[in-house]
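Asker: Sharing a sequence plus its predicted fold:
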Amino acid sequence: MPTAHPVAELYADHHHWLHAWLRKKLGCSERAADLAHDTFVRLLDREGLVRPQEPRAFLTTIAKGLVANHFRRQKIEQAWLETLARLPQAEAPSPEARTLILETLIAIDRQLDALGPLVRRAFLLSQLDGLPQAEIAARLGVSVPTVKRYVAKALVACCFADAD
């Protein structure tokens with residue numbers, strides 16, 4: 001008799017538990033179901049999955065990352081909706097453009113999150129606050145050439161993310 005796929009076994013043994021755990025965290029059964037599903041999809045995307053010794057801890061680790069991403073996305077969506085609400089009606093983008101802009105903001109956030117905190121902070125101070133490099137260097141306690149490298153690294157990460 002063939003052995004079951006490790007993900008199938010994890011699913012059969014722990015899906016109900018994971019869904020209940022996520023439901024407690026999120027307060028929403030439907031969203032919990034989505035994230036439980038996403039957890040197992042992540043496992044299917046992995047090559048060479050071995051059976052974890054502590055399956056619930058293993059699944060919890062993956063699910064926590066998905067929950068964090070969910071809340072992060074919610075914050076970005078909320079900020080985007082607030083920005084749209086402040087725009088005059090004549091300047092409001094089309095529904096298609098709104099969706100594309102939101103997806104772009106989420107992709108940029110993901111790219112910036114992958115950078116170190118100083119790189120991210122230097123980039124945001126430069127691009128959003130418009131601070132000169134010397135002031136950014138003073139705030140971060142680094143040299144101006146380091147600020148230049150940080151900003152360049154962040155720009156490359158954001159602008160050429162799809163080139164990978």
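Answerer: Ah, there it is.
Asker: pLDDT weak spots in this structure?
Answerer: Low-confidence regions of the chain, defined here as pLDDT under 70, cover residues 1-4, 161-164.
Asker: what's the residue closest to the geometric middle of it?
Answerer: Residue closest to the mean C-alpha point of the chain, counted by Cα atoms, centre = their mean, is Asn69 at 4.3 Å.
Asker: Within the helices and strands, which one has that residue?
Answerer: Asn69 belongs to helix 55-86 when assigned by DSSP states H and E.
Asker: Show me what that helix is packed up against.
Answerer: Helix 55-86 makes packing contacts with helix 6-26, helix 29-45, helix 95-114 when contacts are defined by 3 or more Cβ pairs under 8 Å, 6 or more residues apart in numbering; DSSP states H and E. All C-beta spots, glycine's among them, are computed from the backbone N, C-alpha and C.
Asker: could the ones you listed be laid out in CSV, adding distance to Glu77?
Answerer: What follows is the helices and strands packed on helix 55-86, written out as CSV (distance: least, Cβ to Cβ, whole Å):
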stretch, distance to Glu77
helix 6-26, 15
helix 29-45, 14
helix 95-114, 6
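Asker: how about CSV for those, with mean neighbour count and distance to Gly141 added?
Answerer: Converted to CSV, those look like this (neighbours: other Cβ atoms under 10 Å; distance: least, Cβ to Cβ, whole Å):
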stretch, mean neighbour count, distance to Gly141
helix 6-26, 16, 37
helix 29-45, 16, 38
helix 95-114, 13, 20
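Asker: quick revisit: distance-wise, check the residue nearest to the centre of the chain relative to Ala12.
Answerer: Per Cβ to Cβ, to the nearest Å, Asn69 is found 26 Å from Ala12.
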